[in-house]
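J.: all I have is the shape, not the residue letters:
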Ligand SMILES: CCCCCCCC/C=C\C/C=C/C(=O)SCCNC(=O)CCNC(=O)[C@H](O)C(C)(C)COP(=O)(O)OP(=O)(O)OC[C@H]1O[C@@H](n2cnc3c(N)ncnc32)[C@H](O)[C@@H]1OP(=O)(O)O
């Protein structure tokens with residue numbers, strides 16, 4: 001709703017009231033319409049101020065209303081009536097003015113903002129466009145190039161930038177509503193000609209065509225297959241080329257194509273999913289709202305390889321004082337050079353400053369005696385990690401939280417090496433650790449609720465999306481990835497090429513296909529793990545070469561490593577590069593010959609494989625493993641898995657994440673295809689649909705937000 005009152009004698013003050021962000025729900029819109037009518041009809045009122053309660057102007061349209069039958073007054077005529085008013089209307093912006101909130105402000109005659117406010121049109125991130133006149137008014141106000149940038153990226157700008165761009169008339173450090181009321185009094189009776197943005201013309205530009213062509217190329221490159229950014233460009237083009245009324249028609253048409261699209265559903269689901277992962281819980285009953293995190297002021301990182309350096313930077317950027325330990329002198333020396341320059345680059349990007357002495361370096365573990373939390377990031381070797389944890393348990397304060405950055409090893413086993421296993425958790429960062437948004441917080445059997453809460457909170461402080469997951473081989477993300485990789489290898493054995501597989505995945509929306517990604521991260525990483533597991537044995541011949549423990553196995557990755565083809569770092573992998581460290585992947589005839597010979601040697605007759613099979617084989621096994629993970633309680637809900645895949649593995653956000661994708665495709669279809677592929681490949685047991693997936697289908701395939709009930713019912717029967 002909206003509250004209306006008269007203040008300072010002649011100012012009608014309208015306050016939006018819909019906690020927590022004053023979203024424009026039907027009742028808020030109705031409140032605004034009624035209040036504006038009242039203010040304009042009251043002779044004592046000479047000007048109007050619109051603000052939001054609790055220090056937030058407005059977070060935009062109410063996203064929860066989108067999937068439902070819309071009711072209440074529509075936004076466009078509501079904003080139009082405000083702009084057409086014959087009394088000055090001033091927006092008093094505090095906190096946020098986003099989406100429909102900023103569009104409402106653009107309909108006002110003046111905009112005054114607090115210096116700490118953020119403004120933006122983030123509709124594109126929800127699969128939409130600013131369809132309450134935003135695409136038509138903003139370019140008229142600030143010019144086409146700047147409006148294109150804001151509308152196609154959805155980025156939030158500070159009040160200072162908004163002032164510079166011309167979105168705001170005034171920025172204040174004081175009470176914004178008081179300033180706005182005073183301002184409203186001062187403009188009483190002044191002409192409003194020249195204050196109604198819809199009457200403006202866009203500033204003329206010399207080469208409109210190439211500007212829009214470039215913008216189109218940019219948005220198509222940034223999010224493959226996403227339709228909203230394309231529609232945003234088209235809508236701004238309408239603003240630049242058509243009169244306002246026709247532009248508004250175009251905006252409406254384009255919005256109609258987006259509004260009910262699968263991409264909009266996926267992105268809006270993901271908006272809430274991201275927030276849901278913060279409300280974590282574990283099977284033992286620990287929860288976000290009942291567990292108290294501990295303060296962490298000083299942290300340590302053990303091991304300054306690539307991951308350790310990134311983690312050190314991320315901790316320092318979060319304002320912690322960091323002890324960085326590396327026992328190899330050469331590596332320590334390199335890290336001492338690399339970390340400050342990573343920090344400097346980060347500071348330039350983020351416009352921040354880091355105290356250079358917030359990091360101290362040491363060659364011995366003894367230096368961590370007084371820290372609150374340690375993150376171990378040594379080489380992925382259990383014996384080495386065991387030793388580190390034993391040492392830490394002796395050196396650290398008894399209440400220090402001991403975390404491991406292992407990507408797949410047993411957190412419970414590491415905990416068992418310490419005196420306080422309840423203080424051990426996994427903090428699985430993704431490379432580069434100071435850039436990637438995802439953090440898997442892995443709780444072990446004995447991890448205390450406070451330990452989990454502390455790691456989750458620290459992740460948040462570092463700007464990460466922290467997802468709590470249980471302890472199992474590969475945790476959630478890498479465990480699912482293993483299935484995806486294996487299927488990709490099998491497809492090569494059956495006749496596909498890396499190019500064909502990658503094309504299918506990239507057209508689906510991944511920034512990189514599985515083989516290009518493998519070349520980038522290094523084939524030797526997985527090889528080392530497979531060797532440690534006793535799998536990478538290329539001396540085996542005949543049928544046993546492609547079978548391990550009775551299941552199908554592909555030694556292709558192992559064979560490439562034996563040829564020294566580790567990917568980009570060696571200039572050869574699934575593709576060839578112009579030099580070691582080269583970035584541009586080129587098709588490699590050697591690899592194609594190698595695959596031909598391999599298939600011939602194993603009596604594999606290549607067949608034609610289409611994109612649909614690539615997607616189903618690679619993605620449905622990954623999804624199936626996701627259901628297994630939910631069934632086992634390793635992840636608490638589908639949102640956790642989707643956040644992991646979007647933030648950590650490049651799953652296209654406009655497809656919502658793997659579990660949402662399964663919901664979109666239809667669970668029956670996923671089951672049917674998995675069963676078919678399992679029949680064709682009976683020696684791949686994980687192609688069999690998981691028990692949870694089958695149960696969901698048996699329960700009538702409920703929508704994704706109801707899956708937790710099915711999981712809970714099952715667990716409560718155990
Ligand atoms: C056939 C055609 C028909 C067309 C008809 C449609 C016409 C539509 C016309 C115009 C288009 C306008 C579209 C929009 O405005 S879309 C919304 C755009 N706004 C946003 O994207 C902003 C989203 N919110 C945020 O970015 C942040 O919440 C924040 C910066 C405002 C505040 O951040 P923070 O303090 O960190 O809080 P949280 O993010 O945690 O949010 C708190 C709580 O509030 C919920 N919430 C936030 N924004 C909205 C919203 N706009 N609608 C509904 N709910 C919102 C958020 O989900 C949190 O709740 P929780 O999930 O339960 O934790």
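T.: Received the coordinates, thanks. None of these values were measured; they are calculated from a predicted model. Numbers count the residues shown, from 1 in each chain.
J.: switch to C-alpha atoms for all contacts and neighbour counts from now on
T.: Noted.
J.: now do stretch 274-293: everything it contacts.
T.: Stretch 274-293 is contacted by residues 449-455, 457, 465-470, 633, 636, 639-640, 643 when judged by CA atoms under 8 Å, 6 or more residues apart in numbering.
J.: next: stretch 192-203.
T.: 83-84, 86-88, 106-110, 136-137, 139-141, 143-144, 239-240, 244.
J.: residue contacts, the closest residue to residue 474 other than its chain neighbours?
T.: Spatially, and ignoring its direct neighbours in sequence, residue 474 is nearest to residue 408 (3.9 Å; CA to CA, 6 or more residues apart in numbering). For residue 408, the set of contacting residues under the criterion of CA under 8 Å, 6+ apart consists of 472, 473, 474, 475, 478.
J.: residue 300: what secondary structure?
T.: strand (DSSP: H, G, I helix; E, B strand; the rest coil).
J.: for it, give me the pLDDT.
T.: With respect to pLDDT, residue 300 scores 98.
J.: is it true that it touches residue 322?
T.: Yes - in terms of CA atoms under 8 Å, residue 300 counts as a neighbour of residue 322; the distance is 5.3 Å.
J.: now the common contact residues for these two.
T.: Common contacts of residue 300 and residue 322, defined by CA under 8 Å, 6+ apart, comprise residue 312.
J.: tell me which of those two has more neighbours.
T.: Per other CA atoms under 10 Å, whichever of residue 300 and residue 322 has more neighbours is residue 300, with 31 against 25.
J.: specify the beta-bridge partners of the more buried one.
T.: Legend: beta-bridge partners of residue 300 under DSSP bridges are residue 323, residue 374.
J.: what does the model give the closest residue in space to residue 551 that isn't next to it in sequence for pLDDT?
T.: Spatial nearest neighbour of residue 551, chain neighbours left out: residue 683 (5.0 Å); criterion: CA to CA, 6+ apart. In the prediction, the pLDDT value recorded for residue 683 is 95.
J.: scan the contacts of residue 408 and report the most crowded one.
T.: Comparing those on neighbour count, residue 475 comes out first with 26 neighbours (neighbours: other CA under 10 Å).
J.: doesn't residue 469 make contact with that residue?
T.: Yes - counting by CA under 8 Å, residue 475 touches residue 469, with 6.8 Å between them.
J.: need the overlap of contacts for those two.
T.: Taking CA under 8 Å, 6+ apart as the contact rule, residue 475 and residue 469 both touch 442, 634.
J.: with pLDDT added, can I get the contacts of residue 408 in CSV?
T.: Putting these into CSV (pLDDT from 0 to 100) gives the following:
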residue, pLDDT
472, 96
473, 94
474, 95
475, 97
478, 96
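J.: from the contacts of stretch 274-293, which land in strands?
T.: Under the assignment DSSP state E, those contribute 465, 466, 467, 468, 469, 470 to strands.
J.: between those residues, which is nearest the ligand?
T.: For these, the minimum distance to the ligand (CA to the nearest ligand atom) is 12.4 Å, reached by residue 465.
J.: check contacts around that closest one.
T.: When the contact criterion is CA under 8 Å, 6+ apart, the partners of residue 465 are 274, 437, 438, 439, 459, 643, 647.
J.: if it is in a bridge, with which residues?
T.: As for beta bridges, residue 465 partners with residue 438 under DSSP bridges.
J.: any idea which element the residue positioned nearest the centre of the chain lies in?
T.: For the chain, the residue sitting closest to the mean C-alpha position, by CA atoms, centre = their mean, is residue 647 at 4.1 Å. Residue 647 is part of helix 638-648, with elements assigned from DSSP states H and E.
J.: now do that helix: distance to the chain's middle.
T.: Between the mean C-alpha point of helix 638-648 and the mean C-alpha point of its chain there is a distance of 8 Å (CA atoms, centre = their mean, to the nearest Å).
J.: hmm, it touching the ligand?
T.: No - Helix 638-648 stays clear of the ligand (CA under 6 Å from any ligand atom), getting no nearer than 11.9 Å.
J.: what angle separates the following helix or strand past that helix from helix 638-648?
T.: Toward the C-terminal end, the helix or strand that comes next after helix 638-648 (DSSP H and E) is helix 658-665. Orientation of helix 658-665 against helix 638-648 (axes from the mean of the first three to the mean of the last three CA atoms, to 10 degrees) gives an angle of 110 degrees.
J.: quick one, what contacts residue 224?
T.: With contact set as CA under 8 Å, 6+ apart, residue 224 has these partners: 506, 507, 508, 509, 510, 511.
J.: okay, now the fourth one: neighbour count?
T.: Same thing as residue 509. Residue 509 has 20 neighbours, counted by other CA under 10 Å.
J.: from memory it sits against residue 225, does it?
T.: Yes - if you go by CA under 8 Å, residue 509 and residue 225 touch, sitting 6.2 Å apart.
J.: confirm for me that residue 506 is in contact with residue 515.
T.: No - using CA under 8 Å, residue 506 and residue 515 do not qualify as a contacting pair, with a distance of 10.9 Å.
J.: which one of these two has more residues nearby?
T.: Comparing residue 506 with residue 515 by neighbour count (other CA under 10 Å), the higher total belongs to residue 515, at 22 against 17.
J.: can you classify the more buried one as helix, strand or coil?
T.: Remark: residue 515 carries the secondary structure label helix [criterion: three-state DSSP].
J.: how close does it sit to residue 677?
T.: If you measure residue 515 against residue 677 using CA to CA, to the nearest Å, the figure is 22 Å.
J.: ditto for residue 603
T.: Distance of residue 603 to residue 677, computed by CA to CA: 20 Å.
J.: the two: which is more packed in?
T.: Relative neighbour count places residue 677 above the other of residue 603 and residue 677, with 18 against 11, counting by other CA under 10 Å.
J.: now the more buried one. Nearest residue, chain neighbours left out?
T.: Nearest-residue entry for residue 677: residue 687, 6.7 Å, with adjacent residues in sequence omitted and distances by CA to CA, 6+ apart.
J.: got the phi and psi for the one you found?
T.: According to degrees, to the nearest 10, the main-chain angles of residue 687 amount to phi -80, psi -10.
J.: burial count for it?
T.: Per other CA under 10 Å, the neighbour tally for residue 687 reads 26.
J.: which residues does it contact?
T.: In this structure, residue 687 makes contact with 621, 624, 674, 675, 677, 678, judged by CA under 8 Å, 6+ apart.
J.: from the contact counts, what lies against the strand or helix carrying residue 184?
T.: Following DSSP H and E, one finds residue 184 within helix 176-186. Contacting helix 176-186 under the criterion 3 or more CA pairs under 8 Å, 6 or more residues apart in numbering; DSSP states H and E are the following elements: strand 11-16, strand 47-52, strand 89-93, strand 110-114.
J.: what mean pLDDT does the next helix or strand after the last one have?
T.: Beyond strand 110-114 on the C-terminal side, the first helix or strand identified by DSSP H and E is strand 118-120. Mean pLDDT, taken over the full extent of strand 118-120, equals 98.
J.: cool, thanks, talk later.
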